[in-house]
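> Just need the structure, nothing else, for what follows:
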Amino acid sequence: MGYRVHILLLFFIWFPAGGSETTRLPAVTYDGRSLIINGTRQLLFSGSIHYTRSTPQMWPDLIKKAKEGGLNLIQTYVFWNVHEPLQGQYNFEGNYDLVKFIKLIGEQKMWVTLRVGPYIESEWNMGGFPYWLREVPAIKFRTYNEPFMFHMQKYVKMIIGLMKMNNLFAEQGGPIILAQIENEYNNVAYAYKEEGAIYIQWAAEMAVRSYDMVPWIMCKQKDAPISVISTCNGRQCGDTFPGPNGPNKPFLWTENWTTRYKVFGDMPSERSVEDIAFAVARFFARNGTLNNYYMYHGGTNFGRTSSSFVTTRYYDEAPLDEYGLKREPKFGHLRDLHRALRLCKKPLLHGTPKVLKLSQDLEITTFEKPGTDICAAFLTNNSTKIASVISFRGHEYYLPRRSISILPNCKTLVYNTAMVVAQHSVRKFVVSKESKIGKWRTFRESIPITTDLEIQSDSPLELYSLTKDTSDYAWYSTSVDISAIDLSKQSPKLEVGSLGHALLAFKSHVLSKPVNLKLGINHISLLAMTVGFPDSGAFLERRIAGPRDVSLQDMNGTLDITSNNWTHQVGITGEKLQIYTRRGSRKVNWGAMDSQGAPMTWYKATFDSPEGDDPVAIRMKGMQKGMLWINGLSIGRYWSSYLSPIGNPTQEEYHIPRAFLKAKNNLLVVLEEVGGSPENIRIKTVNRNTLCSIVSEDYPPDIKTWMRKNNSIQAVVTPVKAASHLTCPGNKIISKVEFVGFGVNKGLCGSFRMGHCDSPKAFRVCTVQMDRRKLIAAEDEDFCPDIARTLAIQVVCA
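Numbers count the residues shown, from 1 in each chain. Have a look, this model is predicted:
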């Protein structure tokens with residue numbers, strides 16, 4: 001009975017005007033202006049955080065930081081393949097406890113968009129589909145196909161039922177206000193033609209029949225059925241989105257990509273916060289009322305969960321990095337944007353929009369309610385080359401290149417997308433003093449020959465169907481009888497035509513490049529490897545991989561051994577024995593490490609947990625490609641030898657969640673596939689203790705300077721000037737001031753240098769208020785009176 005009272009209280013706190021279960025009035029409705037939650041129009045600032053890409057111990061902090069960043073909505077996919085890895089066997093525990101994750105969001109008084117899918121893409125193995133689905137007879141994914149639709153509907157109803165059972169929908173007092181069916185179907189619609197169109201109509205109707213008390217959406221679906229809302233995915237939806245599929249539906253942006261995911265071999269890249277802020281302001285100025293950052297926290301692709309070639313680190317350049325640390329200024333500048341837009345809430349939701357084009361690049365958008373003081377303006381400079389000055393209602397406003405200024409009362413400038421007042425930070429990886437890795441021990445996989453393997457076939461079997469996604473590895477072996485005539489020619493070469501993803505070739509237990517053959521029977525063994533299943537495109541159920549054509553070259557021509565009778569084995573010995581666990585590691589004899597760095601070698605050692613409470617990472621220097629485990633838990637795949645065009649690995653450090661560690665004697669196990677030396681592997685802690693402020697004299701004051709009261713914008717602090725604000729993370733405090741410059745400074749946060757027009761007094765001044773008179777000594781001449789100086793400060797927290 002106590003539980004029922006608790007739910008009833010939560011219902012009245014969250015949605016005091018919501019309908020009862022008897023009347024079944026939706027708590028969430030909409031029209032052409034916005035979503036309406038419990039009778040109130042809302043501006044929604046959302047971020048994607050995937051429960052599967054972090055740990056339950058991290059969830060509260062991630063959600064709290066998202067709220068601190070100005071979000072009121074969290075978006076997540078639901079991952080079918082982790083929840084039903086085997087048909088009819090469900091898993092909602094640990095990292096996969098979806099119910100707990102949603103409840104934690106509700107506890108922070110935030111809402112949830114549940115992207116049920118079941119196809120999600122998301123750079124996730126098989127786009128979220130479980131492998132067993134691929135083997136359902138006569139199945140075709142994502143089209144009008146009875147077997148697929150049967151299992152899809154069964155899964156969707158199971159997820160909906162689980163949410164209802166736990167009172168997680170808005171009409172039950174829970175946080176879920178939106179649900180999504182399917183995902184970016186426009187990308188494959190042409191391949192499926194008429195059957196695809198029928199399927200999409202069925203999917204929408206099935207979703208609404210399953211639960212009709214929250215709106216359903218379809219992203220990137222221009223011809224979405226009328227029963228759902230079509231939404232935008234992309235980087236510039238304010239300019240590219242033609243609008244939803246109907247005049248009485250709101251403009252919603254479900255994926256605003258904060259960066260780009262990486263595959264092994266990619267170069268570093270990052271989307272600037274100025275570009276993101278411009279795009280968001282532009283969208284809200286074009287009647288948008290919901291923006292979702294994909295991702296707000298990317299996290300980690302633990303184990304074998306990533307799709308083909310995608311790195312273990314996911315969307316690290318999001319506002320919250322892989323470790324859950326605030327990536328500044330991306331976090332802070334977007335937080336300030338949300339505050340600025342909230343100051344415009346009444347005009348945006350109740351005013352009449354009007355656009356005045358001043359030129360090809362300059363325009364003014366106003367939202368005004370006639371007969372009232374409710375008014376907000378967005379001043380836009382679309383030019384990427386030239387800054388401009390706009391005259392608006394008796395005032396002049398400077399607009400940097402490609403920027404938008406926000407005036408929540410059509411007069412007061414509170415925010416410009418290109419003027420970053422928020423602090424900056426630098427991430428550093430520090431070698432742990434307490435986590436010295438102990439003595440390394442090794443176990444080498446034996447290389448099987450044809451008679452060792454049990455699965456037989458005339459030719460090499462297709463790799464995906466062979467492994468059934470139970471392992472990255474599969475052995476292929478055949479034998480060849482070599483005569484003296486064959487050996488009289490030049491050195492033979494083994495050539496394997498493979499559809500991926502990686503391959504090691506052995507001849508009689510020796511890695512061969514080229515092949516060294518002997519008279520008589522020669523055993524040729526191949527180890528085929530996957531690096532995740534594909535996640536996108538049409539006909540996912542038909543994708544294939546692995547060795548296809550195998551031949552020996554330069555032996556009286558070409559000796560084709562493709563149809564030479566092959567034997568196979570899924571997985572490798574160490575996997576089957578689980579030697580990455582403490583119990584399993586006792587099942588084999590570990591030897592001393594040698595200097596050869598042979599392929600398919602396991603390494604193990606122990607280390608103590610690092611000092612402090614900063615996040616933990618492991619640097620895989622000296623290794624090439626493989627997987628690693630901590631205390632039996634898989635961190636994921638590493639691939640240090642796959643270099644980007646600038647000569648560096650795409651990912652060098654790998655996240656070890658603190659929840660995976662114990663105080664002493666942590667078991668570290670590494671499987672090296674190619675050949676490396678673990679001697680230079682290091683345990684590190686991760687921090688963003690170096691903070692900077694870079695504020696120019698012509699920047700607007702901090703957004704917290706302003707508040708809306710009685711339909712007017714009022715200053716809550718004086719004087720109203722730009723200033724530097726630096727806040728250390730957590731319970732840390734500023735321990736050192738490393739740089740202060742007031743002029744035209746050089747370098748970036750972490751590596752500032754004095755430029756010209758600098759004032760020596762700036763370093764001696766305690767205040768960080770932007771006041772030229774205080775920052776320039778009286779005895780010094782102001783040599784640059786007409787230049788807007790920049791105050792740059794760099795500090796260290798401890």
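
> Phi and psi next, for D458.
Backbone geometry at D458, expressed as degrees, to the nearest 10, gives phi -60, psi -40.

> Tell me which residues touch it, please.
Applying CB atoms under 8 Å, 6 or more residues apart in numbering, we find D458 in contact with 563-566. C-beta: built from backbone N, CA, C; applies to glycine.

> Mind doing that once more with 6 Å?
S563 (CB atoms under 6 Å, 6 or more residues apart in numbering).

> likewise E368?
By CB under 6 Å, 6+ apart, the residues touching E368 are 351, 375.

> What does it show for phi and psi?
phi -140, psi 140.

> now it, which residues is it bridged with?
Going by DSSP bridges, E368 is paired in beta bridges with T352, C375.

> Please apply the same query to S551.
Counting by DSSP bridges, S551 is bridged to E495, D560.

> Contacts only, for it.
S551 neighbours (CB under 6 Å, 6+ apart): 495, 558, 560.

> Take those residues and write them to TSV, including pLDDT and neighbour count.
Putting the contacts of S551 into TSV (pLDDT from 0 to 100; neighbours: other CB atoms under 10 Å) gives the following:
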residue	pLDDT	neighbour count
E495	88	16
T558	83	11
D560	92	12
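
> which among those gets closest to P649?
For the contacts of S551, the residue nearest P649 by CB to CB is E495; the value is 28.4 Å.

> Could you state which residue of this structure sits nearest its centroid?
Among the residues of the chain, the one closest to the centroid is G298, at 2.7 Å (CA atoms, centre = their mean).

> quick one, what contacts that one?
Listed by CB under 6 Å, 6+ apart, the contact set of G298 reads 314-316, 318.

> how close does it sit to A285?
28 Å (CB to CB, to the nearest Å).

> same question, Q578
Here the criterion is CB to CB. By it, Q578 lies 56 Å from A285.

> Who has more neighbours out of these two?
Ranked by neighbour count (other CB atoms under 10 Å), Q578 and A285 place A285 first, with 26 against 15.

> isn't the more buried one right up against A376?
No. Under the criterion of CB atoms under 6 Å, A285 makes no contact with A376, lying 9.2 Å away.

> related to what we said a few turns ago, dump the contacts of G298 into CSV; add distance to S479, pLDDT and neighbour count as well.
Output for those, formatted as CSV (distance: CB to CB, whole Å; pLDDT from 0 to 100; neighbours: other CB atoms under 10 Å):
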residue, distance to S479, pLDDT, neighbour count
Y314, 43, 98, 25
Y315, 47, 98, 26
D316, 47, 98, 25
A318, 52, 98, 26
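
> Just name the closest of those residues to I159, please.
Using CB to CB, Y314 comes nearest to I159 of the contacts of G298, at 22.6 Å.

> Can you get me a residue count around the residue nearest to L466 when sequence neighbours are not counted?
Nearest residue to L466, sequence neighbours excluded (CB to CB, 6 or more residues apart in numbering): A474, at 5.2 Å. If you count neighbours by other CB under 10 Å, A474 ends up with 27.

> So A474, which state does it fall into?
Following DSSP: H, G, I helix; E, B strand; the rest coil, A474 is assigned to strand.

> Give me the pLDDT value at it.
The score at A474 is 97. That number is its pLDDT.

> gap between it and Y296?
Using CB to CB, we find A474 at a distance of 38 Å from Y296.

> V426 too?
Distance of V426 to Y296, given as CB to CB: 21 Å.

> Tell me which of these two has more neighbours.
Using other CB under 10 Å, the more surrounded residue of V426 and Y296 is Y296, with 28 against 17.

> ok, and what's touching whichever strand or helix holds that one?
In this structure, Y296 sits in strand 288-297 according to DSSP states H and E. Residues outside strand 288-297 that contact it (CB under 6 Å, 6+ apart): 34, 43-44, 46-49, 62, 66, 75, 250-258, 280, 283, 315, 318-320.

> repeat that for 7 Å
Here strand 288-297 makes contact (CB atoms under 7 Å, 6 or more residues apart in numbering) with 34-35, 43-49, 62, 66, 71, 75, 238, 250-258, 280, 283, 315, 318-320, 324.

> Cross the residues you listed against strands and list the overlap.
35, 44-49, 75, 251-257 (DSSP state E).

> any idea which of those residues is the one closest to W602?
Proximity of these to W602 (CB to CB) peaks at I49, which lies at 34.2 Å.

> Of all the residues in the very next helix or strand once past the strand holding Y296, which ones are buried?
Once strand 288-297 ends, the next helix or strand along the chain (criterion: DSSP H and E) is helix 330-343. Counting neighbours by 16 or more other CB atoms under 10 Å, one finds that the buried residues in helix 330-343 are 330-343.

> Could you tell me how far helix 330-343 lies from the centre of the chain?
The chain centroid and the centroid of helix 330-343 are separated by 21 Å, computed with CA atoms, centre = their mean, to the nearest Å.

> packing partners for it?
helix 273-285, strand 415-416 (3 or more CB pairs under 7 Å, 6 or more residues apart in numbering; DSSP states H and E).

> I'd like the ones you listed as CSV, with mean pLDDT and distance to P370 appended.
Below are the helices and strands packed on helix 330-343 laid out as CSV (pLDDT from 0 to 100; distance: least, CB to CB, whole Å):
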stretch, mean pLDDT, distance to P370
helix 273-285, 98, 19
strand 415-416, 98, 25
